[in-house]
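K.L.:
I'll drop the sequence and a predicted model, then ask my questions.
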Amino acid sequence: MLQAHYLLPYDFSPVTVFGFLAVLVFYLGALPLMPKGERPGPVAIPVFLLGLLLCYAVMQTRFDYYSQYMFFVHRGQHLILHHLGPILIALSNPLPVMRFWHRQLSPGAASMLAPLGWVYRVLQQPFIASLLFVGLVYFWLYPPIHFNAMLSRNLYWIMNWSMLLDGLLFWWLIFDPRSPHTSRALGYGKRILLLALVAIPQMLLGAWIVFNRGMVYDVYEVCGRAWPMAPETDQLLGGMLTWIPPAMMSILGILIILRRAMHDDVPRRSRQTNGEMA
């Protein structure tokens with residue numbers, strides 16, 4: 001019974017539950033209907049489900065309670081929503097599932113969704129994507145805005161959903177499985193540059209929180225903390241989570257992109273060589 005209690009939502013959100021359930025149904029429902037050669041691989045499916053589960057867990061379990069009353073848990077929540085969960089979902093490559101459902105749309109439904117495609121293409125411009133990725137972190141951690149977001153239920157949910165959706169957009173841009181040699185996907189060098197650029201301001205913000213001698217986020221003093229932890233310790237841990245893990249994930253992302261670039265460059269050189277010989 002105690003374990004079940006921790007799995008139940010602290011602040012039940014029908015929109016959140018329905019959103020995650022819809023994604024789960026659409027993903028799993030497509031698998032038996034897709035041609036065998038197009039289905040995600042045996043590793044991709046559990047990776048996608050793990051990313052989805054982690055995001056749901058920090059939004060609709062007891063974890064959400066602690067994130068509202070402990071600053072460092074809140075930073076862990078956003079670390080998952082903005083980084084870890086979207087990274088796992090992007091690396092699982094749900095593109096075949098998305099293409100399958102797109103083929104099922106009627107011409108009328110496809111035309112209705114066309115404006116969403118335009119918005120998506122705008123948000124996936126490298127400058128806009130990186131600016132939003134870093135800007136939202138700074139925006140929601142600006143002390144007056146953070147104070148209001150933690151006290152307003154609606155603003156709190158907007159904050160969490162914006163972090164999740166922005167994380168999905170950014171990491172999909174970085175881990176787009178399509179080759180830039182054969183598609184309009186962003187080049188590997190530009191992806192690496194973006195990862196390096198977004199890491200620096202996040203590190204600076206985390207370092208500022210860690211070394212700040214005053215109490216930056218006093219909303220947790222107003223509402224009370226879930227555990228009897230010193231405010232300085234809570235802020236220190238939260239700053240460390242803002243500083244170190246995002247930088248490490250950028251480094252991990254760079255290594256993954258370098259590996260993809262090296263593997264992708266071999267067949268490209270082979271095609272060029274064969275073309276010259278012909």
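P.N.:
Nice, thanks for sending it over. Numbering: from 1, shown residues only.
K.L.:
which parts of stretch 40-51 are buried?
P.N.:
40, 44-45, 47-49, 51 (16 or more other CB atoms under 10 Å). All C-beta spots, glycine's among them, are computed from the backbone N, C-alpha and C.
K.L.:
please work out the average pLDDT along that stretch.
P.N.:
Confidence over stretch 40-51 (mean pLDDT, whole number) is 95.
K.L.:
other residues contacting it?
P.N.:
Here stretch 40-51 makes contact (CB atoms under 8 Å, 6 or more residues apart in numbering) with 24, 27, 31, 84-89, 91-94, 96-97.
K.L.:
for stretch 200-220, same thing?
P.N.:
By CB under 8 Å, 6+ apart, stretch 200-220 touches 69-71, 134, 137-138, 141, 143, 146-147, 150-151, 221, 231-232, 234-236, 238-244, 246-247.
K.L.:
from these, which land in helices?
P.N.:
69, 71, 134, 137-138, 141, 143, 146-147, 150-151, 221, 231-232, 234-236, 238-244, 246-247 (DSSP state H).
K.L.:
drop anything exposed from these.
P.N.:
If we count by 16+ other CB under 10 Å, the ones in helices among the contacts of stretch 200-220 have these buried: 69, 71, 134, 137, 141, 146, 150, 234-236, 238-243, 246-247.
K.L.:
give me the distance between residue 152 and residue 182.
P.N.:
Distance of residue 152 to residue 182, computed by CB to CB, to the nearest Å: 47 Å.
K.L.:
repeat that for residue 55.
P.N.:
From residue 55 to residue 182 the distance is 31 Å (CB to CB).
K.L.:
just checking, residue 23 touches residue 53?
P.N.:
No: if you go by CB atoms under 8 Å, residue 23 and residue 53 don't touch, sitting 11.2 Å apart.
K.L.:
give the contact list for residue 79.
P.N.:
241, 245-246 are the contacts of residue 79 under CB under 8 Å, 6+ apart.
K.L.:
between the residues you listed, which is nearest residue 102?
P.N.:
Using CB to CB, residue 246 is the member of these that lies nearest residue 102, at 32.2 Å.
K.L.:
and residue 177, which of the three is it?
P.N.:
coil (DSSP: H, G, I helix; E, B strand; the rest coil).
K.L.:
isn't it right up against residue 95?
P.N.:
Yes: Residue 177 lies in contact with residue 95 (CB under 8 Å); the separation is 6.3 Å.
K.L.:
before we move on, which element is residue 32 in?
P.N.:
Using DSSP states H and E, residue 32 falls within no helix or strand.
K.L.:
can you check the one 10 residues further on too?
P.N.:
Per DSSP H and E, residue 42 falls between elements, in no helix or strand.
K.L.:
how about residue 70, phi and psi?
P.N.:
phi -140, psi 130 (degrees, to the nearest 10).
K.L.:
which pLDDT value does the model give it?
P.N.:
96.
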